[in-house]
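Asker: Sequence and predicted model, in that order:
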There are 2 protein chains.
Amino acid sequence: MTLTKPTFDVIRRLIPPLSPDFHKGQAGRVCVIGGSDDYTGAPYFSAISALKLGADMAHVVCQPTAAIAIKNPDLTSEEIIDNVSSLFKRTHVLTIGPGLSRDKMMLECTKGIILKAKEEHIPMVIDADGLFLIQNNPEIIKDYSEAILTPNVNEFRRLCETMRIEFEDDHKGELAQKLSQAFGGVTIVQKGKNDLISNGNSIFLVDHKSGLKRCGGQGDILTGLISTFVAWGVAYKKNIWQHDNSISPTDIPMLASFAGCTINRECSWAAFSKLGRSVQTSDMIPEIGPSFQRLFER
Amino acid sequence: MTLTKPTFDVIRRLIPPLSPDFHKGQAGRVCVIGGSDDYTGAPYFSAISALKLGADMAHVVCQPTAAIAIKNPDLTSEEIIDNVSSLFKRTHVLTIGPGLSRDKMMLECTKGIILKAKEEHIPMVIDADGLFLIQNNPEIIKDYSEAILTPNVNEFRRLCETMRIEFEDDHKGELAQKLSQAFGGVTIVQKGKNDLISNGNSIFLVDHKSGLKRCGGQGDILTGLISTFVAWGVAYKKNIWQHDNSISPTDIPMLASFAGCTINRECSWAAFSKLGRSVQTSDMIPEIGPSFQRLFER
């Protein structure tokens, strides 16, 4: 299997036009499941990134005590985490894991949310402690082709262990492909020096230039960016604007992942080239709009 | 009935001059009823917008637990929501609904507040879950010509259902006029690609250029802007500055709504033209002052 890349023109087809005919919510509603007493920054980065890329609305479902700290007025929170299915009607994509923690109750609730969301065919992007949950309960996500997992090197290694795949250094994406196949076609985004993306069939390489600082939180931004593209994919499938239907629905998770990784790297490079070693993930947020415009805006 | 627009010169007559003879509060005191555990951004956007447009003071009455997050020092909050009538003496206009939630107790309190406020002839602007309350209790607002309702497309459809008006796509404001008549002359602001405003008699069209991003929270800003103009209308009727009394009191809700919609669109366009798809409602707030000055300042 050779490494490939989609053209930017294909990605552009997924992006809703800016039109006065749309109303609030049509261009993407993202729901982040994460945020705990210990981690309030992660779900904020994820949600604000989704919004800055162009999603209309983002909800954060978190521990009640974490809600006070996630205080950007663009975001909302929910107290009763196991009652989130009422939000599903208003959700195009679930972003699961940023700041979730390994709190037993939080993981138990998240498991329930994933199972319910699958019944309603809601796509999901899973990262961080959401991957810890999957590592210990791989069956809840197996064969669900609407799921995208975004492991870093350690999370990737542990997922390989869970699925009894021998881990080795691999720069060709064959391991990501094997892992995807073991999960029955779940999309794997293996983050690293280059990002490797596979749905078991094809493998995408993302080698776009990136900053050289590995500050915490960049993965949270990535989940928000991919989630917005997944939400746009839902809008694409609903034909909310006129297009030629040239993108197959089954290709959307791969394209959304590729677009998210590419923009994330562009933001990371833009912030790093200004601030060098002192760059923080928060410095990447204002780069999302300009990065998107440079790469994709028509 | 043909669509009309008031001239900006008529709107200007409603705007209090900036005078050293005024004292704090004369140029508008707004009270926002909204803000719950789940939604703290909405009442903040509403209140800060009223203030940035030029109201002297804004109170937010919200759930006690939401008060912690709405922490802008320009705002105050009240713990005992059913004791707000003591605030009425200091209130020119009630802004009801931003972030209210559908919590049963909150809705019950709000219903009581509306009934009391009507006794004291306090004007009100009702949006969001305040409209949910009206949809289920239309009798509490019927025939109260000091009320302005600001429904978006879905809220408008539901209000039509409540009043047994057949919903159809309408760009001429005839449906808004019918809805207003069914409510006995309540002013209806039908938000959309263009905004349509009717008090049952006349219909105003607002087609001022607007941004193309439908981020959540823009409706909250609109409530604050309209509320300030309504408060200025109260000041106008009290003759706090010398004018020619050429505006009929019954025209004030229509003019205030037109002015609010126009400034809201100007802000939205100003922020969108700088930030494109990445614009957030918070980016509109700093545009309120400059937008007002461009359009209306003498």
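Answerer: Cool, the structure landed.

Asker: Residues touching whichever strand or helix holds residue A:188, excluding its own?
Answerer: Mapping residue A:188 onto the secondary structure by DSSP states H and E places it in strand A:187-190. Identification of contacts with strand A:187-190 by C-beta atoms under 8 Å, 6 or more residues apart in numbering or on different chains yields A:145, A:147-151, A:156, A:173, A:175-177, A:179-180, A:195-199, A:222, A:226, A:253-254, A:257, A:261. Bear in mind the C-beta positions are built from the backbone N, C-alpha and C, glycine included.

Asker: could you redo the last one with a cut-off of 6 Å?
Answerer: Under the criterion C-beta atoms under 6 Å, 6 or more residues apart in numbering or on different chains, residues A:148-150, A:156, A:176, A:179-180, A:196-199, A:253, A:257 lie in contact with strand A:187-190.

Asker: For chain A, just list every one of the strands.
Answerer: The residue ranges that make up the strands of chain A, judged by DSSP state E, are A:3-4, A:29-33, A:57-61, A:76-78, A:93-96, A:124-126, A:147-149, A:187-190, A:195-198, A:203-206.

Asker: and among those, the most buried is which?
Answerer: Across those, averaging neighbours per residue (mean count of other C-beta atoms under 10 Å in any protein chain shown) puts strand A:93-96 on top, at a mean of 31.

Asker: same question for that strand, mean pLDDT?
Answerer: Regarding strand A:93-96, the rounded mean pLDDT is 97.

Asker: Return the list of strands paired to that strand, each annotated with direction.
Answerer: With DSSP bridges as the criterion, the sheet partners recorded for strand A:93-96 are strand A:29-33 (parallel), strand A:124-126 (parallel).

Asker: List the residue ranges of the stretch 51-200 of chain A that fall below the pLDDT cut-off.
Answerer: Across the stretch 51-200 of chain A, residues meeting the criterion (pLDDT under 70) sit at A:64-83.

Asker: where do the helices sit along chain A?
Answerer: A:8-14, A:41-53, A:64-67, A:104-119, A:129-136, A:153-162, A:174-182, A:218-237, A:252-275, A:288-295 (DSSP state H).

Asker: Chain B: which of these is closest?
Answerer: Between chain B and the helices of chain A, the shortest separation by C-beta to the nearest C-beta is 2.9 Å, and it involves helix A:288-295.

Asker: wait, does the closest one contact chain B?
Answerer: Yes: using C-beta under 6 Å from any C-beta of the partner chain, helix A:288-295 reaches chain B at A:288, A:289.

Asker: Quick one: list the elements packing against that helix.
Answerer: Based on contacts counted as 3 or more C-beta pairs under 6 Å, 6 or more residues apart in numbering or on different chains; DSSP states H and E, the elements that helix A:288-295 packs against are helix A:41-53, helix A:252-275.

Asker: Just the mean pLDDT for the longest one, thanks.
Answerer: If I follow you right, that is helix A:252-275. For helix A:252-275, the mean pLDDT works out to 97.

Asker: Would you mark the buried spots in it?
Answerer: The neighbour-count criterion (16 or more other C-beta atoms under 10 Å in any protein chain shown) identifies A:252-272 as the buried residues of helix A:252-275.

Asker: re earlier: redo the helices and strands packed on helix A:288-295 as JSON lines? Include distance to residue A:244.
Answerer: As requested, the helices and strands packed on helix A:288-295 are exported to JSON lines (distance: least, C-beta to C-beta, whole Å):
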{"stretch": "helix A:41-53", "distance to residue A:244": "24"}
{"stretch": "helix A:252-275", "distance to residue A:244": "15"}
